[in-house]
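Asks: okay, sequence plus prediction incoming.
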Amino acid sequence: MAVSVSILAVITSLHLIAFVLAIGAESRRSTARVAPDQYDERTYCVYDSDASTVYGLAAFGLILMSQVIVNGVTRCLCFGKGLVTGSCSTTCAIIFFIFSWLSFLGAEACLLAGSARNAYHTKYRGLFRQSELSCATLRKGVFAAGAALTLLSLIGSIIYYFAHSRADTGGWEKHQNVGVGMTSASYPQQQQTNEFEKV
C-alpha cells in the first residue's frame, strides 16, 4: 500500500485543529464568583461563558474522526491482507499502533472529562455571610493535557501509517527460494531431439 498524501493531510489537519481547540478550551475555562441574592440572604454562584465545553467536545469529535480514518485505511492492523513478517516496518507498525491508541484514548478521556466537568455548575445556595460557598470549577491543566496527548496521537498515527504502508504486502506474500525452473521445462524437449537424431 502506498502512502497517500491526501490521507496524511486530513489526519494532520484534524489533529492540529483539535489541538488548537483544546488550547482554546484551556484558556476559556469557565470561572465562577459568589454573588449575593438580591431578594433574600442567600448567595449563589455566577458562572461566565461555557465556550470551553464546546471547544473540548469539538476537539473530541475531530480526534475521533481522525482515528477512524487512520484505522479505516489501515484496516485497524487486524483485518488487513497481511504484513511482511519479521521486518522492522512491521515491528514499528505494531508499536506505533499501540502508542497511537493509548495517546488517543488519553486525549479523548481528558477532553470529555474536562468538557463534562466544565459544564457542571453549582446550583445550591448558601446563607449569606454564614459559610463560604464553594463554586465547582474545572481544575487547570485538564484541557492542556488533552492538547499534549493530541499531539502525541498525531505523531503516533503518522508513524503508524508510514510503517504500515511500508510493511503492507497488499495480499502478496514474499516467498524465498521459490522460482520458475526454466531449465527443467526445456530438458525433456532436448531429450526428444536427441532421440530423433539417433534414428
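Replies: It's in. Here the structure is a predicted model, which is why all the values come from computation and not from measurement.
Asks: distance of the spatially closest residue to Ser4 that is not a sequence neighbour from Asp37?
Replies: Distances taken as C-beta to C-beta, 6 or more residues apart in numbering put Val73 closest to Ser4, at 7.5 Å, once the chain neighbours are dropped. Heads up, the C-betas are built off the backbone N, CA and C, glycines and all. Using C-beta to C-beta, to the nearest Å, one gets 57 Å for the distance from Val73 to Asp37.
Asks: Val10 now?
Replies: 51 Å.
Asks: looking at these two now, which is surrounded by more residues?
Replies: Neighbours per residue (other C-beta atoms under 10 Å) separate Val10 from Asp37, with Val10 holding more: 16 against 11.
Asks: so that one sits right up against Ser66, yeah?
Replies: Yes. Applying C-beta atoms under 8 Å, one finds Val10 in contact with Ser66, separated by 7.5 Å.
Asks: measure His15 to Ala58 for me?
Replies: For His15 relative to Ala58 (C-beta to C-beta), the value is 13 Å.
Asks: where do the strands sit along the chain?
Replies: Assigned by DSSP state E, the strands in the chain fall at 32-36, 42-47, 126-127.
Asks: can you give me the mean pLDDT across stretch 100-114?
Replies: In this model, stretch 100-114 carries a mean pLDDT of 96.
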